[in-house]
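Engineer: just the structure for this:
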Amino acid sequence: MKILLAIDDSKFSEAAAQAVVAQARRAETEVRVLHVIEPPTILVAREMGAYASAMEAEWQKHRKQAEELVANTAKILREAGLKASTAVEQGDPKSRIIDLAAEWPADLIVLGSHGRKGLDRFLLGSVSEAVVRHAPCSVEIVRLRPGQ
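Structural biologist: Residues are numbered from 1 along each chain as shown. This next block holds a predicted model:
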């Protein structure tokens, strides 16, 4: 089985990783740990000098943090006896998760739910909801129990 574990740097993603460890059959499971970096909302041309340079440095810092995040999660999965690889993608998280699941191809997508409701959900969007609606495979949404 091929599982795409989509994570961010949150307790919801930690719960999703633990769910994969608890449920996966060791010998038969390959997990790809994915983090999607959203591009800056302001387009910055390289000709903008120092500002562009500062933006590029910040972008590289963000990418390095993402690579460390997926590497640490993959290490946890490997220590539990699973095969794990990593991917850091750039773009809209909803689209990249769905696209990578189709390209790889994944049998299951696992991700955590932030549990946003009402206006927050409308304004921020729901990655998990979009993935459930458009994924090319089964999707497991991991929720935290109240108080966690």
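Engineer: so what touches the host helix or strand of residue 33?
Structural biologist: For residue 33, the enclosing helix or strand under DSSP states H and E is strand 30-37. The contact list for strand 30-37 (C-beta atoms under 8 Å, 6 or more residues apart in numbering) reads 1-8, 17, 20, 24, 62-63, 66, 69-70, 73-74, 77, 82-93, 96-97, 100, 104, 106. For every residue, glycine as well, the C-beta is placed using N, CA and C.
Engineer: what is the neighbour count of residue 98?
Structural biologist: For residue 98, the number of neighbouring residues by other C-beta atoms under 10 Å comes to 23.
Engineer: count the neighbours of the nearest residue to it once chain neighbours are set aside for me.
Structural biologist: Computed as C-beta to C-beta, 6 or more residues apart in numbering, the closest residue to residue 98 that is not its neighbour in sequence is residue 134, at 5.2 Å. Neighbour count for residue 134, taken as other C-beta under 10 Å: 15.
Engineer: same check on the one 10 residues further on?
Structural biologist: Neighbouring residues of residue 144 were enumerated by other C-beta under 10 Å; the total is 16.
Engineer: correct me if wrong: it contacts residue 15.
Structural biologist: Yes. At 5.5 Å, residue 144 counts as touching residue 15 under the criterion of C-beta atoms under 8 Å.
Engineer: any idea which element residue 100 lies in?
Structural biologist: helix 93-103.
Engineer: re earlier: next secondary structure after the strand holding residue 33?
Structural biologist: Next helix or strand after strand 30-37 toward the C-terminus (DSSP H and E): helix 50-79.
Engineer: just checking, what packs against the helix or strand just after that following helix?
Structural biologist: Past helix 50-79, further along toward the C-terminus, the next helix or strand under DSSP H and E is strand 83-90. Strand 83-90 makes packing contacts with strand 30-37, helix 50-79, helix 93-103 when contacts are defined by 3 or more C-beta pairs under 8 Å, 6 or more residues apart in numbering; DSSP states H and E.
Engineer: the last one to strand 83-90, inter-axis angle?
Structural biologist: By that I understand helix 93-103. Relative orientation of helix 93-103 and strand 83-90, computed by axes from the mean of the first three to the mean of the last three C-alpha atoms, to 10 degrees: 130 degrees.
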